[in-house]
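Colleague: Got a predicted structure here, sequence first:
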Amino acid sequence: MMNWNALYHCLRERAPSLELRRDEPMSRHTSFRVGGPVPMMALPKSEDEAQQVMQTAAQGFGIKAFFMGKGSNLLVSDQGADLLVVKACDGLNRLELLPEGEWPGHSTILAGSGVSLARLSNFALEHGLAGLEFAHGIPGSVGGGVYMNAGAYGGELGQVVSSVSSAAFPAEEEMRMWIDSGFSYRHSRFQEQDEFILRACFSLKPGDPAGIKAKMDDLARRRREKQPLEYPSAGSTFKRPEPVNGQPVYAAALIDRCGLKGLTVGGAQVSEKHAGFIVNRGGACCDDIRKLMAQVRERVFRETGVTLEPEVRWLGKEGEGWNF
């Protein structure tokens, strides 16, 4: 059994300024507003603190951590999880324009993993750099966005990320830098590796600030009109399915075709505004959301033959899972 008290005191000695929380409810840290407690959460404010957490957990206790950003793509069990959670959001917030671009005709922004995608895209706008307009409305952080290759409206972070720096488990003294991050649809190499994303560099082209702002405003308007932003959710619940007979297929369209808008389990509901979103209408628990996802998945498969795969990440105790 993990001795959480011993880990707590060891981290206190090695990193006195590190913010540590015991028995922290994950409902405070996910956009769904659900999730039970974890025995310990570390919120490093610097890369040195993040690496100290990694080294202490690995070398002294043989455990690896679960890394998270803003929790905007995460569903956590009502029972919580027996894990050390390291949350980058609110720390690791370095954000700067580097002196020289890595690619001809481009400029490079360096962003810490805790920087929000909204702040990053606004920073690009301030410097007249185009390419991140799509990311302005994504409610996530740089670290989480790189991890899942976040995207919207035809754009993905993998299109503009030029390098990623990370700390590995088992912990090493030096960070790693990745030029090829293995990006594909909602995927990066970090999903197969025990690495904590520390920062990323974004190579962007100069653009007209008025045009960049107009595009950001247009996408924001489209989000407000089409997405249920008034309710807690994790954005798109399911990934885009593989094409059928060479034609693109969209999860929201399939769910809508099956007449599932408004379907409810407890406080969870398939949004009446956008079928691709499952929302917390108030008082939902993780089990409500998971059961509703299972019903949607079963009905869509039965009526269309298409298997929907979750885009939302799962976090729970050993032996738990989607149970689809």
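Modeller: That came through fine.
Colleague: what residues does the helix or strand bottoming out on mean pLDDT in the chain touch?
Modeller: With mean pLDDT, DSSP states H and E as the measure, the helix or strand of the chain carrying the lowest mean pLDDT is strand 176-178 (a mean of 73). Judged by Cβ atoms under 8 Å, 6 or more residues apart in numbering, the contacts made with strand 176-178 from elsewhere in the structure are 163, 164, 165, 166, 167, 168, 189, 195. (Each C-beta comes from the backbone N, C-alpha and C, glycine too.)
Colleague: now those as CSV including distance to residue 245, neighbour count and pLDDT?
Modeller: Shown next, in CSV, are the contacts of strand 176-178 (distance: Cβ to Cβ, whole Å; neighbours: other Cβ atoms under 10 Å; pLDDT from 0 to 100):
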residue, distance to residue 245, neighbour count, pLDDT
163, 38, 17, 93
164, 36, 27, 95
165, 42, 18, 93
166, 40, 25, 91
167, 44, 24, 85
168, 43, 16, 78
189, 31, 16, 92
195, 38, 20, 85
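Colleague: Quick check: the farthest pair among the residues you listed?
Modeller: With distances taken as Cβ to Cβ, the most widely separated pair in these is 163 and 168, at 15.6 Å.
Colleague: Relative to residue 221, which of the contacts of strand 176-178 is nearest.
Modeller: Taking Cβ to Cβ as the measure, residue 164 is the one of the contacts of strand 176-178 closest to residue 221, at 31.6 Å.
Colleague: ok, that closest one touching residue 146?
Modeller: Yes: Residue 164 lies in contact with residue 146 (Cβ atoms under 8 Å); the separation is 5.8 Å.
Colleague: what touches both of these two?
Modeller: When Cβ under 8 Å, 6+ apart defines a contact, the residues bordering residue 164 and residue 146 alike are 181, 190, 197, 200.
Colleague: Would you map the helices across the chain?
Modeller: Under the criterion DSSP state H, the chain contains helices at 4-14, 47-55, 61, 117-126, 142-148, 209-226, 251-257, 286-304.
Colleague: Report the distance from the fourth one to the chain centre.
Modeller: The one in question is helix 117-126. Centroid displacement of helix 117-126 relative to its chain, using Cα atoms, centre = their mean, to the nearest Å, is 17 Å.
Colleague: The shortest one too?
Modeller: Helix 61 has its average C-alpha position 27 Å from the chain's average C-alpha position, going by Cα atoms, centre = their mean.
Colleague: remind me which residues of the stretch 201-324 of the chain are low pLDDT?
Modeller: When the per-residue scores of the stretch 201-324 of the chain are filtered using pLDDT under 70, the ranges that remain are 319, 323-324.
Colleague: how about 80 then?
Modeller: Segments of the stretch 201-324 of the chain classed as low confidence (criterion: pLDDT under 80) are 318-324.
Colleague: ok, residue 26 touching residue 36?
Modeller: Yes: Residue 26 is in contact with residue 36 according to Cβ under 8 Å; the separation is 6.4 Å.
Colleague: what's the overlap in contacts for the two?
Modeller: With contacts defined as Cβ under 8 Å, 6+ apart, the residues shared by residue 26 and residue 36 are 76, 80, 81.
Colleague: Verify the contact between the last one and residue 314 for me.
Modeller: Which is residue 81. No: with contact taken as Cβ under 8 Å, residue 81 and residue 314 are classed as non-touching, separated by 9.7 Å.
Colleague: related to what we said a few turns ago, mean neighbour count and distance to residue 67 for the helices of the chain - can I get that in a markdown table?
Modeller: Listed next are the helices of the chain as a markdown table, based on neighbours: other Cβ atoms under 10 Å; distance: least, Cβ to Cβ, whole Å:
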| stretch | mean neighbour count | distance to residue 67 |
| --- | --- | --- |
| helix 4-14 | 15 | 16 |
| helix 47-55 | 21 | 9 |
| helix 61 | 16 | 17 |
| helix 117-126 | 20 | 17 |
| helix 142-148 | 28 | 7 |
| helix 209-226 | 14 | 27 |
| helix 251-257 | 19 | 26 |
| helix 286-304 | 19 | 20 |
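Colleague: Of all the ones you listed, which one comes closest to residue 98?
Modeller: Across these, the minimum distance to residue 98, taken as Cβ to Cβ, is reached by helix 117-126, at 12.3 Å.
Colleague: I'd like to know which elements that closest one is packed against.
Modeller: For helix 117-126, the elements it packs on are strand 95-97, strand 107-112, helix 142-148, strand 195-206, helix 209-226, judged by 3 or more Cβ pairs under 8 Å, 6 or more residues apart in numbering; DSSP states H and E.
Colleague: ok so, going back, ok, residue 81 and residue 314, which is more surrounded?
Modeller: Set side by side, residue 81 and residue 314 show unequal neighbour counts under other Cβ atoms under 10 Å, the larger going to residue 81 at 21 against 16.
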